[in-house]
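Trainee: this is the structure alone, sequence omitted:
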């Protein structure tokens, strides 16, 4: 994985719209053949950054390199990138095959060869036999596939996807996520996806850059991002995380001693303590699934803390409990897989919560 | 019935609007020089007279040349202006667009007189060409208003997608933009053509000795025995407008059906 060469490189990229500083010094590299996601809330600059790769957006300073080449004076129609637009941008006055074959107009090859390439592209996205249809008569998912086929037919080095799934309903979206991953593995092209949906980014990406206010706060693989967010902002944006106020008592020998409200004295490894706080307060964070509710007779593997069930949310396969730990005036969320024969607890039940120091992340 | 008063008002209104137009063909085929009932008999004499009238033929020819040229020029300018107004932002944009749209609200007689003064001042001879200039001036705002709507309705990412797929700016315009704003262009051509064809004031001031259809009709109204021929001419014009509008509406609806858009209402 690490031996993959670099495909896209941002070197201190800045972008101003008048006074507005949209990109604030982006330095990052995207590897060849990886599924890379730009994740962040709306207005964080992720789409602007994607458009600087496509060539639709000039940068104010810095450099964008694609496959080792400087892109400063290369217009969008000469870059080795193709884009799938948020609304798919299907040409409404053309048929499906005219849409898919649009990029071949300037390529060499006989009409028969081009027709075969269009057929292959349609086949690849599962739209075999749809060629003669009017593009405007397609459903949302089919339009998405046409847009994919149209962008992939030119065999670009990089495929750019601007929130391609946001217009689909939930079921269709989940299906397309899987199809996109398969397609990316099949064609081996570098995919760069823009999304505001953290779940989508976690499911699909090899690596994710989390952006806030024109900056990349963390660039890592999904697991690292989820388990070791480097700041409270990233932690709050990705998934659900519980926070409890803490105090650092001391640091020695690669360990940090903490006093955490509700949990008491905890000893964690220094690597768990690299997170930045947003407002200067010290806190520890932990994911709902790292906590377990202990039933009668069960014993904690590591440590346990008593509390009272405050709220129960039943999801069928999972139950979410909000538990108020003794000695601290806030609830922590716990997710429990529902097991046959184990009752769902009622609100107000006294219980014990098992947790492990290794699952904590310190933000300071 | 609560609405019967409103309803009869509507019918009266329609009658008032269209009765004169229905009278046109009736008297165009009436065998008598006086426009009055009872009708005398059927004749096509007035149409024959019309066809044999050399000045009228010149006037029709002039008007067609003027209307076609004005429609094409105004629409071309309108395409540039509408594209600039919807795709780019530049300093002074609002002011410039405002200036272009100004003839829409200026009294036409003022435009006509000022143009006459300027043209005479710089020594341009009055002709069909000067009328074209004047008509382009008053048609362009209408063209821009229609084309702005067409360009605004066009999704910008369609142009970006074509550019991204390797086309140049120009071929993108030709392959994507133009076909998709074509209904707007046709509307603009028709609108400008119609405005120019029946425009009187500017033609009256700027045509010099050349007759146009409206100025010719105006000049003939002084002679009562010419009036049946004018009725025949009017009948032809109404027939031509109905045919033209029908064709335009057919193409507009076909365009909508082809691109799968929703019908936002046209002429009819």
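Mentor: Sure, I can see it. Just so it is clear, the model here is predicted, and its values are computed rather than measured.

Trainee: which one is residue 45 nearest to, not counting chain neighbours?
Mentor: As the question left the chain open, I've gone with chain A. Nearest non-adjacent residue to residue A:45, counting by CB to CB, 6 or more residues apart in numbering or on different chains: residue A:214, 4.2 Å away. C-beta coordinates here come from the backbone N, C-alpha and C atoms, glycine included.

Trainee: you answered for a different chain; I wanted chain B.
Mentor: With CB to CB, 6+ apart, the residue lying closest to residue B:45 is residue B:31, at 7.2 Å.

Trainee: list the contacts of the one you found.
Mentor: When contacts are counted by CB atoms under 8 Å, 6 or more residues apart in numbering or on different chains, residue B:31 touches B:40, B:41, B:42, B:43, B:45.

Trainee: same question for residue A:284.
Mentor: Contacts of residue A:284 by CB under 8 Å, 6+ apart are A:243, A:244, A:246, A:258, A:260, A:263, A:266, A:360, A:361, A:362, A:363.

Trainee: what does residue B:111 give?
Mentor: Residue B:111 is in contact with B:103, B:134, B:137, B:138, B:202, counting by CB under 8 Å, 6+ apart.

Trainee: with respect to chain A, which of those residues is nearest?
Mentor: Nearest to chain A among the contacts of residue B:111 is residue B:138, at 32.2 Å by CB to the nearest CB.

Trainee: near the closest one, how many other residues are there?
Mentor: Residues near residue B:138, counting by other CB atoms under 10 Å in any protein chain shown, number 22.

Trainee: is chain A within reach of whichever strand or helix holds it?
Mentor: Here residue B:138, judged by DSSP states H and E, is contained in helix B:128-153. No. Figure legend: helix B:128-153 not in contact with chain A (CB under 8 Å from any CB of the partner chain); closest approach 11.2 Å.

Trainee: in that helix, what counts as buried?
Mentor: By neighbour count with 16 or more other CB atoms under 10 Å in any protein chain shown, helix B:128-153 contains the buried residues B:128, B:130-144, B:146-151.

Trainee: do stretch B:37-44 as well
Mentor: Buried-residue list, stretch B:37-44, by 16+ other CB under 10 Å: empty.

Trainee: if I look at the residue nearest to residue B:45, how far off is residue B:230?
Mentor: Remark: distance between residue B:31 and residue B:230 (CB to CB, to the nearest Å) = 16 Å.

Trainee: and what of residue B:85?
Mentor: Using CB to CB, residue B:85 is found at 42 Å from residue B:230.

Trainee: the stretch 1-150 of chain B: helices as residue ranges?
Mentor: B:4-28, B:45-52, B:54-87, B:93-101, B:108-121, B:128-153 (DSSP state H, counting those that start in this stretch).

Trainee: quick one: the third one near chain A?
Mentor: If I follow you right, that is helix B:54-87. No. Helix B:54-87 does not reach chain A (CB under 8 Å from any CB); its nearest approach is 13.1 Å.

Trainee: what helices or strands is the stretch of helix or strand residue B:163 belongs to leaning on?
Mentor: Using DSSP H and E, the element containing residue B:163 is helix B:156-164. Judged by 3 or more CB pairs under 8 Å, 6 or more residues apart in numbering or on different chains; DSSP states H and E, the packing partners of helix B:156-164 are strand A:81-84, helix B:169-172.

Trainee: state which helix of chain A is the longest.
Mentor: Of all segments of type helix in chain A, defined using DSSP state H, the longest is helix A:170-187.

Trainee: report pLDDT for residue A:309.
Mentor: Per-residue pLDDT puts residue A:309 at 94.

Trainee: which residue packs closest to it, ignoring adjacent ones?
Mentor: In space, residue A:309 is closest to residue A:349, 4.5 Å off (CB to CB, 6+ apart).

Trainee: for that neighbour, what are phi and psi?
Mentor: phi -70, psi 140 (degrees, to the nearest 10).

Trainee: how about the strands of the stretch 151-268 of chain B, start to end?
Mentor: Shown for the stretch 151-268 of chain B, no strands are assigned by DSSP state E, counting those that start in this stretch.

Trainee: neighbours of residue A:72, how many?
Mentor: Neighbour number of residue A:72 under other CB under 10 Å is 11.

Trainee: can you classify it as helix, strand or coil?
Mentor: coil (DSSP: H, G, I helix; E, B strand; the rest coil).

Trainee: now the stretch 1-150 of chain B against chain A: closest residue?
Mentor: Counting by CB to the nearest CB, the stretch 1-150 of chain B gets nearest chain A through residue B:89, at 10.8 Å.

Trainee: ok, that residue to residue B:97 distance?
Mentor: Relative to residue B:97, and taking CB to CB, residue B:89 is found at 11 Å.

Trainee: circling back to that earlier point, as a whole number, average confidence for the helix holding residue B:163?
Mentor: Mean predicted lDDT for helix B:156-164 stands at 93.

Trainee: between it and helix B:54-87, how many degrees?
Mentor: 80 degrees (axes from the mean of the first three to the mean of the last three CA atoms, to 10 degrees).

Trainee: pLDDT value on whatever residue of the stretch 151-300 of chain A ends up closest to chain B, please?
Mentor: Per CB to the nearest CB, residue A:154 is where the stretch 151-300 of chain A lies closest to chain B, at 6.9 Å. On pLDDT, residue A:154 comes in at 91.

Trainee: the more surrounded of residue B:89 and residue B:97?
Mentor: Taking neighbours as other CB under 10 Å, residue B:89 and residue B:97 compare with residue B:97 leading, 17 against 9.

Trainee: now that one: closest residue in space, sequence neighbours ignored.
Mentor: residue B:85 (5.6 Å).

Trainee: no further queries at this time; thank you.
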